[in-house]
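Asker: Here you go, sequence then predicted model.
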Amino acid sequence: MNLVILGPQGSGKGTQAGMLVNKYGFTRVETGEILRKIAESDHPWGKRVKSMMLKGALVSDDILNAVLKETLNMSHPKGFLFDGTPRNFPQYKLIRDILALKGERMDKVVFINISEAETVKRLSSRQTCRVCGKVYNLVTDPSPHGDKCECGGNLVQREDDTPDAIKKRLEAFNHSTEKVIEAAKKEGVLVEINGEKPIEEIHKEIVAKLGL
Ligand code: AMP
């Protein structure tokens, strides 16, 4: 089974993707991770990718297409799980076209939905350790050491985690993924999940709806 997990920031998408990968052995395609490695390497695209990532802009289609084409050559005995991609309709189409060349299809698109108010609440309570990068949440996962991390580092709020900036990122997400969600609905592969529930419950709902 090949599937996509989509959801706005703070929806818990990455957590759910990790749980599915561990339990069912999907091959995870996390474009953010692949692009971070390219940005840090002496790859010919390294500088371009880094500057786009730093701006929070989407990496250009030519680079992403090449990355996806290469990545999808990987063996994937249990199927691919796409996390962080597609970010827009052309990417969705490209992935489907590459899969079709292999005689495969996109079986499901899981959309983890949370309200704007919940996104703002979750992200504006997010704290990151300055030293090791560990992420806590004042509401859902507070540090037992107050404003310190378990490593002793100070916890700070990300500069772009202000309510206004969060709303802007959310608008951009909604705008670019709207067509992906519409297409998946038309194709009958969309699975909608309410993301405002405990992690384990969401996981069970996804597993049940995917028939895993
Ligand atoms: P992420 O880790 O998914 O939040 O991605 C981090 C950054 O990588 C994004 O802000 C983009 O600059 C870039 N990126 C990740 N995935 C994609 C994608 N599918 N298309 C374009 N850019 C991407």
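Answerer: Done, it's in. Source: prediction; values computed, not measured.
Asker: outside of stretch 122-134, which residues touch it?
Answerer: 9-10, 114, 135-140, 143, 147, 149-158, 161-163, 166 (CB atoms under 8 Å, 6 or more residues apart in numbering). C-beta here means a position set from N, CA and C on the backbone, and glycine is covered the same way.
Asker: hmm, which of those are the buried ones?
Answerer: Gln9, Gly10, Ile114, Tyr136, Asn137, Leu138, Ser143, Cys149, Gly153, Leu155, Asp161, Ile166 (16 or more other CB atoms under 10 Å).
Asker: In a markdown table, list those along with distance to the ligand and pLDDT.
Answerer: Below are those laid out as a markdown table (distance: CB to the nearest ligand atom, whole Å; pLDDT from 0 to 100):
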| residue | distance to the ligand | pLDDT |
| --- | --- | --- |
| Gln9 | 8 | 84 |
| Gly10 | 12 | 85 |
| Ile114 | 16 | 94 |
| Tyr136 | 18 | 90 |
| Asn137 | 17 | 88 |
| Leu138 | 21 | 89 |
| Ser143 | 23 | 95 |
| Cys149 | 21 | 96 |
| Gly153 | 22 | 96 |
| Leu155 | 20 | 96 |
| Asp161 | 13 | 79 |
| Ile166 | 14 | 84 |
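Asker: Can you pick out the most distant pair from the residues you listed?
Answerer: The distance between the two most remote of the buried ones among the contacts of stretch 122-134 (CB to CB) is 28.6 Å, for Ile114 and Gly153.
Asker: out of everything not next to it in sequence, what's closest to Ala17?
Answerer: Distances taken as CB to CB, 6 or more residues apart in numbering place Asp83 nearest to Ala17, at 4.2 Å, with adjacent residues excluded.
Asker: circling back: JSON lines for the buried ones among the contacts of stretch 122-134, including secondary structure?
Answerer: Listed next are these as JSON lines, based on DSSP: H, G, I helix; E, B strand; the rest coil:
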{"residue": "Gln9", "secondary structure": "coil"}
{"residue": "Gly10", "secondary structure": "coil"}
{"residue": "Ile114", "secondary structure": "coil"}
{"residue": "Tyr136", "secondary structure": "strand"}
{"residue": "Asn137", "secondary structure": "strand"}
{"residue": "Leu138", "secondary structure": "coil"}
{"residue": "Ser143", "secondary structure": "coil"}
{"residue": "Cys149", "secondary structure": "coil"}
{"residue": "Gly153", "secondary structure": "coil"}
{"residue": "Leu155", "secondary structure": "strand"}
{"residue": "Asp161", "secondary structure": "coil"}
{"residue": "Ile166", "secondary structure": "helix"}
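Asker: show me the contacts for whichever residue of the chain sits closest to the ligand.
Answerer: For the chain, the residue closest to the ligand is Gly32, as judged by CB to the nearest ligand atom, at 2.1 Å. Going by CB under 8 Å, 6+ apart, Gly32 touches Gly84.
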